[in-house]
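Provided below for reference: sequence and predicted model.
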Amino acid sequence: MPREDVTKWLRSQFMPHIWCPGCGHGIIMHAILRALSSLDKDPDKTVISSGIGCSSRMPGYIDTCTLHTAHGRSLAFATGVKLANPELTVLDVMGDGDCSAIGGNHFIHACRRNIGVCAIVMNNNIYGMTGGQASPTTPLGAFASTAPYGAIDPPFDICRLAIGAGATFVARSTIAAPQMCETLIKKGIQHDGFSVIEIMTHCHTQFGRKNKRARPLDNFNFFKEHSVAKSKADGMTPEELEGKYVVGELYYDDKKVEYTKNYEQVIDRAGRLSK
Amino acid sequence: MPKAEFWQGNKAIAMGGVDAGCRFFAGYPITPSTEIAEVMAEELPKYGGKFIQMEDEIGGIAAAIGGSIAGKKSMTGTSGPGFSLKQELLGYAYISEIPLVCVDVQRGGPSTGLPTKVSQGDVMQARWGTHGDHATIAYAPSSVQECYDLTIKAFNMAERFRQPVLMMADEVIGHMRERIEIPDASSIGILDRKKPKCSPKDFIPYLADEDDDIPPMAAFGDGYHWHVTGLTSNDWGFPTNNAEEIDKKIGRILRKVDRFRDDVVEYAVETCEDAEILVVSYGCVARSALRAVRELRKRGVKAGHFRPITIWPFAGDELEKIVADRGIKHVIVPELNMGQLFLEIDRVIHGRAKTHLKTLLNGELFKPAQIMSYIEEVA
């Protein structure tokens, strides 16, 4: 059972949740709640935004200010919330389709602006809610209902995309390492800028049954076997890292000024010039 | 003291927004509405407000909705192609009941069409562009003064009814410059959204007050926790598949505007008392039409003019009454589209007068002489 400091963040009246038994999203939600609780965040001043999909149903179960938006658009909504009231702690939870397909433009621009939002990307390599279609992170050759002969579209590396686009805290973990998830989410929330934490999770129902990972446990073992710590990965060749998930803190920059703080400068300048 | 300005319509829309209390604007550059964003970028920070140029049109309306949820009066602006792109999230704001003003400075279409030329091609899109049923409030300004005044009204209506309100301007009105009067700040009536009076623990976010069918709205950060979703939801704001809860929600978001229709609907009439021929037009077309009607009146032609100021809700009952009571024989409807509002006009007149649709799709304006000839044809 979760700790009391965690359960007080739950809207248990809206349970049971929609996720399949054995889904990885619960592990991520638990890690987020532990992180919020241990940072002593005030639910009155915390906003969790999401898009559409299984993962994006998460905010509904969390007792804070929650915003379940349209597919792919959650970061654009979150940008509006954060800029309108920078005092709020803003998290954005989304799936791989939300983040890297329909919402890809909002994602790279949130990175570029370095707006103070902590984005948690739950990457299960598939569109689960709609029945297992290929996503931009479906591995080459993997099967999906819209890739019945194996995926031929090369997948995105969401963390490299985030670093390239200008995010200032980028990290990766997997649901097989819930403690690491909590630690990284905590750092992401505390970071003054745009942070991205990609968490590899599974959809055994839709991805697993077509790709020999049909049981939740198959996926735990898969993630354990395929994770490589950043410190170790630094000494490995690209060939050795093929098919592996480099986990831990991947990128950190505390020099770039957060977006809403830059806007305060705009307000100052406008005030001076109009006098 | 009111002060006079010589402004462009787009500037008047932006300044009307600022004076209505708009403190958040998110948008994307697009001709012929870009000046609205440019004025907002310059003006809003002077008031401690925020402007953001988003990565695309959808991001523009998304961020504006986010700004509104965080408690700021919010606005976005666009034109044809961008208005098409914003439709999904207009629906989001209708169902989740978020106040917002969205400006569409209409240009020729379809698609990229005529970026620098005028049309009224988005009238039906304003009404039905987003999927699903919803109550539309849309203003069609016909002068720079109305750009300013109606934007203030649009904000007041958005705040009052908790939903998007559309400013359906057009390229001519948006780019035209004329003298306008800016009233004293103290004389401008400003409405703000209702806030909850109960304690946060008793707050049921979508439980509407019976007297107006509108739920009080807390901003994120006010101490009230609530869930905003585009899914059809119950009083708790939580998604529902229960038929009774769905009926309750959809019925209410339609009824909340419909029952106060008379507070919303606006129109202007000229020389209708003894008219036999009525011209119905709106936006920039009404300027040429009024000129034509006034000229012909001088020559003894019994012509009148009816100008919808809200194109949605449409002043159908009022138009029907004028046509029936005054015994009007001919109704002429010049539109810069294939008759989008004509369909509604013809429906309410229901054979009581002969209706004549006049269309123009090439980006030009109706000249007063053209409209005079339409009137003379039936006189």
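Sure thing, it's come through.

number of nearby residues for A:D44?
Using other CB atoms under 10 Å in any protein chain shown, A:D44 has 15 neighbouring residues. The C-beta positions use only the backbone N, C-alpha and C, and glycine is treated the same way.

and if you look at the one 3 residues further on?
By other CB under 10 Å, 27 other residues sit near A:V47.

my read: it touches B:F220, true?
Yes: with contact defined as CB atoms under 8 Å, A:V47 counts as touching B:F220 (5.3 Å).

residue closest to the middle of chain B?
Closest to where the C-alpha atoms of chain B average out (CA atoms, centre = their mean) is B:A138, at 2.3 Å.

partner residues bridging that residue?
Note on B:A138: beta-bridge partners by DSSP bridges are B:L166, B:W312.

that older thread, what touches both of A:V47 and B:F220?
Overlap of the contact sets of A:V47 and B:F220 (by CB atoms under 8 Å, 6 or more residues apart in numbering or on different chains) consists of A:65, A:67, A:81, A:88, B:70.

identify the farthest-apart pair in the residues you listed.
Spanning the widest gap among the shared contacts of A:V47 and B:F220 are A:L67 and A:L88, at 11.0 Å by CB to CB.

and those two? Which one has more around it.
Just comparing A:L67 and A:L88: by other CB under 10 Å the higher neighbour count belongs to A:L67, 28 against 22.

parallel or antiparallel, list what pairs with the strand or helix carrying the more buried one.
A:L67 belongs to strand A:65-68 when assigned by DSSP states H and E. Strand A:65-68 has the following sheet partners, assigned by DSSP bridges: strand A:46-50 (parallel), strand B:227-229 (parallel).

who's in contact with that strand?
With contact meaning CB under 8 Å, 6+ apart, strand A:65-68 is reached by A:43-44, A:46-50, A:52, A:56-57, A:59-60, A:74, A:77-78, A:81, A:88, B:66, B:69, B:220-221, B:225-231.

cool, stretch A:182-190 as well?
A:31-32, A:34-36, A:38-39, A:41, A:89, A:91, A:118-120, A:169, A:171-173, A:195-197, A:248-249.

what count of nearby residues applies to B:A379?
Neighbour tally, B:A379, other CB under 10 Å: 16.

go on, A:C111?
Applying other CB under 10 Å, we find 24 residues neighbouring A:C111.

on that earlier part again, joint contacts of A:L67 and A:L88?
Residues touching both A:L67 and A:L88 (CB under 8 Å, 6+ apart) are A:47, A:81, B:220.

contacts only, for the second one.
What it means is A:V81. A:V81 makes contact with A:47, A:49, A:67, A:88, A:90, B:66-67, B:69-70, B:220, according to CB under 8 Å, 6+ apart.

what average pLDDT does the strand or helix carrying it get?
Per DSSP H and E, A:V81 falls inside helix A:74-84. Taken as a whole, helix A:74-84 has a mean pLDDT of 98.

name the SS class of the residue of the stretch 251-379 of chain B found nearest chain A, please.
Using CB to the nearest CB, B:I253 is the residue of the stretch 251-379 of chain B that sits closest to chain A, at 17.3 Å. Assigned state for B:I253: helix (three-state reduction, DSSP: H, G, I helix; E, B strand; the rest coil).

for it, report the pLDDT, please.
98.

doesn't B:A135 make contact with it?
Yes: taking CB under 8 Å as the definition, B:I253 is a contact partner of B:A135 at 6.7 Å.

identify the contacts common to these two.
Shared contacts of B:I253 and B:A135, defined by CB under 8 Å, 6+ apart, comprise B:94, B:163.

of those two, which one has the most company?
Taking neighbours as other CB under 10 Å, B:I253 and B:A135 compare with B:I253 leading, 26 against 17.

how near is the more buried one to A:N123?
36 Å (CB to CB, to the nearest Å).

repeat for A:E258
To A:N123, A:E258 is 25 Å away according to CB to CB.

the more surrounded of the two?
Taking other CB under 10 Å, A:E258 and A:N123 do not tie; A:N123 has more neighbours (28 against 20).

mind pulling the model confidence for that one?
pLDDT recorded at A:N123 is 98.

do the same with A:P2
With respect to pLDDT, A:P2 scores 75.

can you pull out the helices in the stretch 151-275 of chain A?
In the stretch 151-275 of chain A, the helices defined using DSSP state H, counting those that start in this stretch lie at A:158-165, A:178-190, A:216-226, A:230-233, A:238-241, A:259-273.

can you redo those as a markdown table with mean pLDDT and mean neighbour count?
Below are those laid out as a markdown table (pLDDT from 0 to 100; neighbours: other CB atoms under 10 Å in any protein chain shown):
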| stretch | mean pLDDT | mean neighbour count |
| --- | --- | --- |
| helix A:158-165 | 98 | 20 |
| helix A:178-190 | 98 | 20 |
| helix A:216-226 | 97 | 16 |
| helix A:230-233 | 98 | 14 |
| helix A:238-241 | 96 | 9 |
| helix A:259-273 | 95 | 14 |
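
much appreciated, bye for now.
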